[in-house]
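# okay, here's the prediction I keep looking at, along with the sequence it came from:
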Amino acid sequence: MERRTWRVDGVVNVNLPIVGAEAEAASARPDIRSLSRGEIAALVARLGEKPFRAGQLFKWLHQKYALSFDEMTDLSKAFRARLAEETRLEPLVLDKEQRSSDGTIKFRWKTGDGKLIESVYMPDEERGRFTLCVSTQVGCAMGCGFCATGTMGLSRNLTPGEIVGQVHQVNRFLLEEGLGRGPRPLTNLVFMGMGEPLHNYENLKASLDVLLAEEGPNFSHRHVTVSTAGLVPQIERLGKETDVKLAVSLNATTDEVRDRVMPVNRRWKIAELMEACRKFPMKIGRRITFEYVLFAGINDTDEDLERLAKLVRQVPAKVNLIQYNRNEGLPYEPSPPERVQHFVDGLMKRGVQAMARKNRGRDILAACGQLAAEGGPGRRPAKGILTGQLAPRGG
Ligand code: SF4
């Protein structure tokens, strides 16, 4: 397969197979779920159909979650045949599904080229929130030392069609199982699955455009959160180009510890990250969510608590404290639950909104990347994936 070195802001060199927009352009038959509303309109015009057919087609793809052209019964057979000649509709294949006693369902999907990715459904009946945690890459180049996905390295970016496909297929699954309220059972999306969403910015943005479209699933930007390990320039871009919410995976209060736990910090230090957060456009009442996973003896001291409060008070913020989900083979241990609660209480006392985030689906390996790593392409990050100042982790 043809490969190309992609540079992200001159720092992260990632050897990726050509995927996403470039692969789509090169392919004789692009994935129709990756096309924007405008591109669908252009396709329909090129095929000599009336403009309103574009709206019908877009709705079949993104409101009715069609898995094949045959389902689109109000489009003529001839038009459907032309669509199948010109494009492909290649849904993700459900490879494994695990249900937790707390209602969490973890899905492992197989892509057209046999890669494994995952999405996690987290229902909260009490608050009427039905959230899907979505993946944006196969593996991840960020190499966070505590993360199962980080041990896999990056295989490739997901296309917009593969990103929205996770959402559509879970909506369809929930409707078929009678588990959700239709016609769009999912209410919230968090981009916190496999991969660093902002490292696949173009495809993330294209998928957001579809997911927020009125003629598509029509998610509210208030109910969509994109999480990052700290790619500072892309945080700025996300703020300028979208209205979705931002979550930052912080996990340390000093550069020394964060350099070790999250190698992206070797390029963009905590001060630069916080500066990007300060500049992130905030609608009235909106807050940036800071995720803070507590590792025993590493980032859970009283000094950390003091520094964490000081850091996040710089912006309208809320903090999710998370007890670490142990990952086999990785040298991190969870802080005890009392320590997590101590951080919640300590932050609240210092005027910071904080909560202990429920660790969903503990019984089904629901931490980031665990299911895909269990049966997936699991490989160590290749040397040279992270170069320059952003050196391989653990150093
Ligand atoms: S925690 Fe997120 S950014 Fe870090 S390696 Fe895992 S998937 Fe990538």
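Here it is on my side, so go on. Numbers count the residues shown, from 1 in each chain.
# in contact with the residue nearest to residue 297 when sequence neighbours are not counted, which residues?
Leaving aside its sequence neighbours, residue 297 sits nearest to residue 333 (CB to CB, 6 or more residues apart in numbering; 7.5 Å). Every residue, glycine included, has its C-beta placed from N, CA and C. Residue 333 makes contacts with 295-297, 324, 326, as judged by CB atoms under 8 Å, 6 or more residues apart in numbering.
# so who does the residue of the stretch 151-300 of the chain found nearest the ligand touch?
The stretch 151-300 of the chain approaches the ligand most closely through residue 229 (3.9 Å), counting by CB to the nearest ligand atom. Contact partners of residue 229, counting by CB under 8 Å, 6+ apart, are 142, 144, 196, 249, 262, 264.
# go with 6 Å
142, 196, 249, 262, 264 (CB atoms under 6 Å, 6 or more residues apart in numbering).
# is it true that the second one touches residue 142?
Right, the one you point to is residue 196. Yes: using CB atoms under 6 Å, residue 196 is in contact with residue 142, at 5.0 Å.
# avg pLDDT for stretch 248-267?
Stretch 248-267 carries an average pLDDT of 97.
# how far does that stretch sit from the chain's center?
20 Å (CA atoms, centre = their mean, to the nearest Å).
# can you give me the end-to-end distance of it?
In stretch 248-267, first residue to last residue: 16 Å (CA to CA, to the nearest Å).
# mind listing what's buried along that stretch?
248-253, 257-267 (16 or more other CB atoms under 10 Å).
# again with stretch 226-241
Neighbour-count burial for stretch 226-241 [16+ other CB under 10 Å]: 226-235, 238-239.
# okay if I get these as a markdown table plus pLDDT and secondary structure?
Formatted as a markdown table, the buried residues of stretch 226-241 follow (pLDDT from 0 to 100; DSSP: H, G, I helix; E, B strand; the rest coil):
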| residue | pLDDT | secondary structure |
| --- | --- | --- |
| 226 | 96 | strand |
| 227 | 95 | strand |
| 228 | 96 | strand |
| 229 | 96 | coil |
| 230 | 97 | coil |
| 231 | 97 | coil |
| 232 | 98 | helix |
| 233 | 97 | helix |
| 234 | 97 | helix |
| 235 | 97 | helix |
| 238 | 97 | helix |
| 239 | 95 | helix |
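# next structured bit after the biggest strand by length in the chain?
Criterion DSSP state E: the longest strand present in the chain is strand 116-124. Next in sequence after strand 116-124, counting helices and strands by DSSP states H and E, comes strand 129-133.
# what's that next one in contact with?
Applying CB under 6 Å, 6+ apart, the contact partners of strand 129-133 are 119-123, 170, 185-190, 192-193.
# so what strands line up beside it?
As defined by DSSP bridges, the strand partners of strand 129-133 come to strand 116-124 (antiparallel), strand 188-191 (parallel).
# for residue 95, which of these is the nearest?
strand 116-124 (6.3 Å; CB to CB).
# tell me the two of the contacts of residue 333 that are most distant?
The widest separation within the contacts of residue 333 (CB to CB) is 14.2 Å, between 297 and 326.
# more neighbours: these two, which one.
A direct count of neighbours by other CB atoms under 10 Å for residue 297 and residue 326 places residue 326 higher, at 12 against 9.
# what residues does the stretch 201-350 of the chain have near the ligand?
residue 229 (CB under 6 Å from any ligand atom).
# sketch out the low-pLDDT regions of the stretch 201-350 of the chain for me.
Within the stretch 201-350 of the chain, the stretches with pLDDT under 70 are 284.
# could you give the number of residues near the spatially closest residue to residue 90 that is not a sequence neighbour?
Excluding its sequence neighbours, the residue lying closest to residue 90 (CB to CB, 6+ apart) is residue 112, at 4.8 Å. Residue neighbour count, defined by other CB under 10 Å, stands at 14 for residue 112.
# quick check: residue 112 touching residue 88?
No: Residue 112 lies out of contact with residue 88 (CB under 6 Å); the separation is 8.3 Å.
# got the domain boundaries for this structure?
For the chain, automatic domain parsing gives the domain ranges 20-86, 93-375.
# centre of the chain to the last one, how far?
It refers to domain 93-375. Worked out by CA atoms, centre = their mean, domain 93-375 lies 7 Å from the chain centre.
# just the helices in the stretch 151-300 of the chain please.
160-177, 201-211, 232-241, 255-261, 270-279 (DSSP state H, counting those that start in this stretch).
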